[in-house]
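Enquirer: Fold the following.
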Amino acid sequence: MKTKFKFGIAFIAFLFVLNVSSIVANDIKEKSADPEKDKVLILVLKNILMRGHYVSKDINDKFSEHVFNHFIESLDPSKRYFTQEDIKDFSKYKYQIDNQLLKDDLSFYNLVYSCFLERIKKAKTYYGGILAKPFDYNKDESVDLDYEKMPFAKNNIELFDYWRKQLKLQTLDRIQEENALEIDKFKKDKNYKTKSFSVLEKEARAEVLKSMDELYMRIDELEHEDWFSSYLNAIVSGFDPHTTYMQPNVKEVFDQNISGKLEGIGARLQKKGIYTQIFELVSGGPAWKQGDLEEGDIILKVAQKGKEPLDIVGMRLDDAIKFIKGPKGTEVRLTVKKKIDGTTKEIAIIRDVVELGETFVKSSIVMKNNKKYAIIDLPSFYIDFSDENYRDSAKDMEKEIERLRSEGVEGLIIDLRNNGGGSLKTAIEISGLFIDQGPIVQVKYRGENPVIKKDTDPKMQWDRALVVLVNEFSASASEIFAAAMQDYKRAIILGGNQTYGKGTVQNILPINQFYPKYDKDLGFLKMTIQKFYRINGGSTQKEGVYSDIAMPTRLSYLKNGERDLDGALGWDKVAQADYKQTNSYANFGDVVYNSKQRIASDEKFKKINDYAKWLKENQENATYSLNYQKFIKDNKNKEKEAKQFSSVFEYKSDITFLSPKYEMSLIKENKDLASKRAAWHKNLTKDMYVSEALNVLSELKLSTKATIVKN
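Expert: As a prediction, the model looks like this:
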């Protein structure tokens, strides 16, 4: 357990050095740089932000310092490329970037860019040479992965040593994992001859080398605009962390996520070396229905109807996807190498609108104490801004609640855990399903008074008991809904101590509309334009929504909220809106008290709290021994510590979860849906947070004095 946790972090930290914002191809500058476009982007973004962002910012030395630090950190967060000599060279511009931005001058950018290209070339020479021979595993040395505190290397010699230690750590991790597998094989078969250390070590270095080669193959696919966007984001993040520049392809992915649909063949693709491979077929999508395409198949060529096939081998994934996707009703022909037998086959598929099923609302019914309850999973506040007739989360919630009412459900849990938000409009509409009418949220532009957004429909879709389940990653629109339910005292909020704390609203602006004479696609700006406030006047910014019943989670002590983001806007408050609590429950306080007592005395939750503290300690311990014997000893000690938490989330209730009646017929026809629902229901039985939410729900008693409109 500890090995995976410990070195998972180490490995991710290393790969993050080479993420999208920090990687460039060797020939980027020659093949795809567009100085005119770069300057236009700087000019337009600067003017949009100065005029429209929620916060009025001075482009001064402090702002310049932010861009300087953020840009360098985004390129080299693990300090594997730049040296102190480089930073000293860059520093002549540390307080000049603001002046350069005002003049659309890219001198700082060009300096860092050209230096980084050289460092990428050197990195390619480093790892091959380092991994060509065994490391000295008897040497008493360690590596520190606390990159925030670690200084840049003094010179290239020290930089090379940084790389050596990182690669040695990765190799040790692989040796450890492979050795564990060898021991397992021997336990199963006493005649099995285990591999020697030298063989394991050699194989481990080969695997690390392979992963590095594949990584740099992906690096070489990226183009100038992928890299330049990191500089743009260093600039726009100076206003707040949720203001970001989005390349056209990034905006496409964003639209798919928030709408829950895409147009194409219904397949998720991944890069496999130089090939584009089918990673997953979307259930019910065109490829799934057609039946010939399978997971693991490799797409060699793509042809539009009536045109010659285009070879996509070696093509970057984003470009390949552009040719494979297309409008509903059009045909695409794929030349595919089949995984199962290696044969080549041409497959014709008619593109269609594909719904990403797990994006949408789903519900399950459960019996407790001879009463029927339900849980609705709302993964996001989705909407399709381009098609008002397409499904959205508010319409789906209203429909789902009506179906549950018709089955005689008496209490409802809304699960917003890991719901990062989405549409403000749907958050307001969904909140309105649980009150008769009244204010839901207050929204404020820069320098203006807050505007109260109300539910004006007197109809109450759900007038019965309500519990809202949240965690540390419930954010934005989730917090609007949870806060409204809490302020009206319409629901009990249960989960982590507090939600994420994102109390800002962003708008996505096509940059070309501000510079129409430019004919190339400039991408989009996601810009913070408003803050929202609870109807009680307080902001959710940084603070989030505090649960009425706080439950220990594995994240309880880790830094993971808005308050931990550099440059996050501050908490404040406005005047309270005019609203009245619903007075929905006769025993609200007693139910909260009883739940808190159960949680405080529950050994499972005590163990989770101890586990959360242990995770915090491990997060802070970022130094690892590179001496093999000490490495093994440390691992054994950590595994011993971890064993006490190995069963921390082992839980099984005796409750049965079932799909609502309307879904039963769908499940009979769709094996994939049946499998997904069976897995979800199984997980619900093992979810102690859901069990406690059901306990709370079963105790709630509606008040006879409640201002609730009955059927």
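Enquirer: Could you pull out the helices in the stretch 101-250 of the chain for me?
Expert: Per DSSP state H, counting those that start in this stretch, the stretch 101-250 of the chain carries helices over the ranges 107-130, 156-188, 197-219, 224-236, 248-259.
Enquirer: and what of the stretch 601-711 of the chain?
Expert: 603-620, 628-643, 661-669, 671-685, 688-699.
Enquirer: ranking those helices by burial, who's on top?
Expert: Most buried of these, by mean neighbour count (mean count of other Cβ atoms under 10 Å): helix 688-699, with a mean of 21. C-beta here means a position set from N, CA and C on the backbone, and glycine is covered the same way.
Enquirer: Show residues contacting that helix.
Expert: 366, 368-369, 371, 373, 375, 411-413, 415, 417, 465, 467, 469, 492, 494-495, 549, 551, 587, 590-591, 594-595, 598-599, 604-605, 649, 651, 653, 655, 684 (Cβ atoms under 8 Å, 6 or more residues apart in numbering).
Enquirer: can you tell me which of these are in helices?
Expert: Mapping those onto helices (DSSP state H) picks out 590, 591, 594, 595, 598, 599, 604, 605, 684.
Enquirer: And the helices of the stretch 601-711 of the chain: which comes nearest residue 193?
Expert: For residue 193, the closest of those is helix 628-643, at 21.2 Å, according to Cβ to Cβ.
Enquirer: Turn the helices of the stretch 601-711 of the chain into JSON lines, including mean pLDDT and distance to residue 334.
Expert: Formatted as JSON lines, the helices of the stretch 601-711 of the chain follow (pLDDT from 0 to 100; distance: least, Cβ to Cβ, whole Å):
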{"stretch": "helix 603-620", "mean pLDDT": "90", "distance to residue 334": "45"}
{"stretch": "helix 628-643", "mean pLDDT": "89", "distance to residue 334": "46"}
{"stretch": "helix 661-669", "mean pLDDT": "91", "distance to residue 334": "27"}
{"stretch": "helix 671-685", "mean pLDDT": "89", "distance to residue 334": "21"}
{"stretch": "helix 688-699", "mean pLDDT": "97", "distance to residue 334": "42"}
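Enquirer: so where's this structure uncertain?
Expert: When residues are selected by pLDDT under 70, those of the chain lie in 1-32, 249-262, 273-274, 283-284, 314, 341-342, 354-358, 386-387, 705-711.
Enquirer: From the centroid of the protein, which residue is nearest?
Expert: Geometric centre of the chain, nearest residue: residue 420, 8.4 Å, by Cα atoms, centre = their mean.
Enquirer: how about the nearest residue to that residue, chain neighbours excluded?
Expert: residue 475 (4.9 Å; Cβ to Cβ, 6 or more residues apart in numbering).
Enquirer: residues contacting that neighbour?
Expert: Counted by Cβ under 8 Å, 6+ apart, residue 475 has contacts 419, 420, 421, 499, 500, 501, 502, 544, 562.
Enquirer: Can I take it that it is in a helix?
Expert: No. Assessed with DSSP: H, G, I helix; E, B strand; the rest coil, residue 475 is coil; it does not lie in a helix.
Enquirer: mind checking how far it is from residue 482?
Expert: 10 Å (Cβ to Cβ, to the nearest Å).
Enquirer: Name the residues contacting each of these two.
Expert: Jointly contacting residue 475 and residue 482 under the rule Cβ under 8 Å, 6+ apart are residue 499.
Enquirer: The residue lying farthest from the centre of the chain and residue 185: what is the separation?
Expert: Residue farthest from the centre of the chain, counting by Cα atoms, centre = their mean, is residue 191 at 46.3 Å. In this view, residue 191 and residue 185 are 10 Å apart by Cβ to Cβ.
Enquirer: Please enumerate the strands of the stretch 301-450 of the chain.
Expert: Ranges of strands within the stretch 301-450 of the chain are 310-311, 331-337, 344-350, 352-355, 362-368, 371-377, 411-415, 438-445, based on DSSP state E, counting those that start in this stretch.
Enquirer: ok, now the stretch 451-600 of the chain?
Expert: 451-455, 465-470, 492-495, 504-510, 524-533, 549-550.
Enquirer: Of those, give the one that comes closest to residue 213.
Expert: Nearest to residue 213 among the strands of the stretch 451-600 of the chain is strand 524-533 (34.1 Å), distances taken as Cβ to Cβ.
Enquirer: and that closest one, C-alpha only, in PDB?
Expert: Extracted in PDB, the C-alpha atoms of strand 524-533 (Å, rounded to 0.1, in the frame of the first residue of the first chain):
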ATOM      1  CA  PHE A 524     -11.100  31.700 -25.700                       C
ATOM      2  CA  LEU A 525     -10.700  33.500 -22.300                       C
ATOM      3  CA  LYS A 526     -12.500  32.000 -19.300                       C
ATOM      4  CA  MET A 527     -12.700  35.100 -17.100                       C
ATOM      5  CA  THR A 528     -14.000  35.700 -13.600                       C
ATOM      6  CA  ILE A 529     -16.700  38.300 -14.000                       C
ATOM      7  CA  GLN A 530     -18.800  38.000 -10.800                       C
ATOM      8  CA  LYS A 531     -18.700  36.800  -7.200                       C
ATOM      9  CA  PHE A 532     -21.800  35.100  -5.800                       C
ATOM     10  CA  TYR A 533     -23.000  35.300  -2.200                       C
END
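Enquirer: coming back round to it: check the gap between the residue nearest to the centre of the chain and residue 217 for me.
Expert: Counting by Cβ to Cβ, the gap from residue 420 to residue 217 is 32 Å.
Enquirer: ok, now residue 90?
Expert: Distance, residue 90 to residue 217, using Cβ to Cβ: 29 Å.
Enquirer: Show me which of the two is the more surrounded one.
Expert: Neighbour count, other Cβ atoms under 10 Å: between residue 90 and residue 217, residue 90 has more, with 17 against 13.
Enquirer: In this structure the more buried one contacts residue 110, no?
Expert: No. With contact defined as Cβ atoms under 8 Å, residue 90 and residue 110 do not form a contacting pair (11.3 Å).
Enquirer: intersection of neighbour lists for these two?
Expert: Listed as contacting both residue 90 and residue 110 by Cβ under 8 Å, 6+ apart is no residue at all.
Enquirer: Which residues are in contact with residue 400?
Expert: Residue 400 touches 361, 362, 363, 376, counting by Cβ under 8 Å, 6+ apart.
Enquirer: Hmm, the first one is touching residue 376, no?
Expert: Okay, so that is residue 361. Yes. Between residue 361 and residue 376 a contact is recorded at 6.2 Å, counting by Cβ under 8 Å.
Enquirer: what's the neighbour count on residue 563?
Expert: 16.
Enquirer: Contacts only, for the nearest residue to it once chain neighbours are set aside.
Expert: With Cβ to Cβ, 6+ apart as the criterion, residue 563 has its nearest non-adjacent residue at 4.4 Å, and that residue is residue 542. Residue 542 sits next to 501, 503, 561, 562, 563, 568, 569, 570, 571 when contact means Cβ under 8 Å, 6+ apart.
Enquirer: Return the member of these nearest to residue 674.
Expert: The closest of these, once distances to residue 674 are taken by Cβ to Cβ, is residue 561, at 37.4 Å.
Enquirer: Could you measure from the closest one over to residue 495?
Expert: For residue 561, the distance to residue 495 - Cβ to Cβ - is 14 Å.
Enquirer: out of these two, which sits in the more crowded spot?
Expert: Counting neighbours by other Cβ under 10 Å for residue 561 and for residue 495 shows that residue 495 has the greater number, 27 against 21.
Enquirer: can I assume that one is in contact with residue 551?
Expert: Yes. Counting by Cβ under 8 Å, residue 551 is a contact partner of residue 495 at 6.0 Å.
Enquirer: picking that back up, just put the strands of the stretch 301-450 of the chain in CSV and tack on distance to residue 299 and mean neighbour count.
Expert: CSV is the format used below for those (distance: least, Cβ to Cβ, whole Å; neighbours: other Cβ atoms under 10 Å):
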stretch, distance to residue 299, mean neighbour count
strand 310-311, 10, 12
strand 331-337, 5, 19
strand 344-350, 9, 15
strand 352-355, 17, 20
strand 362-368, 31, 20
strand 371-377, 33, 20
strand 411-415, 37, 26
strand 438-445, 46, 22
